[in-house]
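Colleague: How does the following fold in three dimensions:
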Amino acid sequence: MAKGKVRSYDEERGFGFIRSPEAPDDVFFHFKDVVGGEDGDFEGATVEFTLSEGERGPKASNVKVESRRTGAPAASSERRPPAGGNRPPSLREFRREVTEILLSVDGIGSAQIRQVRDYLSDYGLDRGFVVEDSRR
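Modeller: Residues are numbered from 1 along each chain as shown. Coordinates of the predicted model:
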């Protein structure tokens, strides 16, 4: 079984895409492939699924929701201001800092570093903590 995070979901049309380290491209899934017939907003959910090759690329079936997005974490009173003052860091700056932090963790490999860095980058972009344009 592959694991991933639902990158986008169109509730009206009943399909979405999962980002997974087991697939080179986003993985398509349809509501009918979700085990248990759960409905609602899947966006941001962590899922487990069977990965196969569909007519148009990677496809998920037997999709099981492991956890749903619960919102942004509570604000910390000890949060440091961004490195450049009041502006959020660029995606490039953020990814470099996250990589340096993860390199200090014993027993974590390059594949895990890339996976965690990608998930954290998506999280930061989705919430405006990081900006994509590095030219300011």
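Colleague: going forward, measure contacts between C-alpha atoms and count neighbours the same way
Modeller: Fine.
Colleague: which parts of the helix or strand bottoming out on mean pLDDT in the chain are buried?
Modeller: Across the helices and strands of the chain, mean confidence by mean pLDDT, DSSP states H and E is lowest for helix 91-103: a mean of 80. For helix 91-103, burial by neighbour count (16 or more other Cα atoms under 10 Å) applies to 91, 94, 95, 98, 102.
Colleague: Mind putting these into JSON lines with distance to residue 48?
Modeller: Converted to JSON lines, the buried residues of helix 91-103 look like this (distance: Cα to Cα, whole Å):
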{"residue": "91", "distance to residue 48": "28"}
{"residue": "94", "distance to residue 48": "28"}
{"residue": "95", "distance to residue 48": "26"}
{"residue": "98", "distance to residue 48": "25"}
{"residue": "102", "distance to residue 48": "24"}
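Colleague: Let me know the closest of these to residue 7.
Modeller: residue 91 (17.7 Å; Cα to Cα).
Colleague: residues in contact with the closest residue to residue 30 other than its chain neighbours?
Modeller: Nearest non-adjacent residue to residue 30, counting by Cα to Cα, 6 or more residues apart in numbering: residue 15, 4.2 Å away. Going by Cα atoms under 8 Å, 6 or more residues apart in numbering, residue 15 touches 9, 28, 29, 30, 31.
Colleague: Name the nearest of these relative to residue 60.
Modeller: residue 29 (5.1 Å).
Colleague: Which residue lies nearest the spatial centre of the protein?
Modeller: Per Cα atoms, centre = their mean, the C-alpha nearest to the average position across the chain is that of residue 119, at 4.1 Å.
Colleague: secondary structure element for that residue?
Modeller: helix 110-127 (DSSP states H and E).
Colleague: one step back: how close does the residue nearest to the centre of the chain sit to residue 35?
Modeller: Taking Cα to Cα, to the nearest Å as the measure, residue 119 falls 24 Å from residue 35.
Colleague: and what of residue 26?
Modeller: Distance from residue 26 to residue 35, by Cα to Cα: 20 Å.
Colleague: Residue 4 contacts residue 46, correct?
Modeller: Yes: applying Cα atoms under 8 Å as the test, residue 4 and residue 46 come out as touching, 5.8 Å apart.
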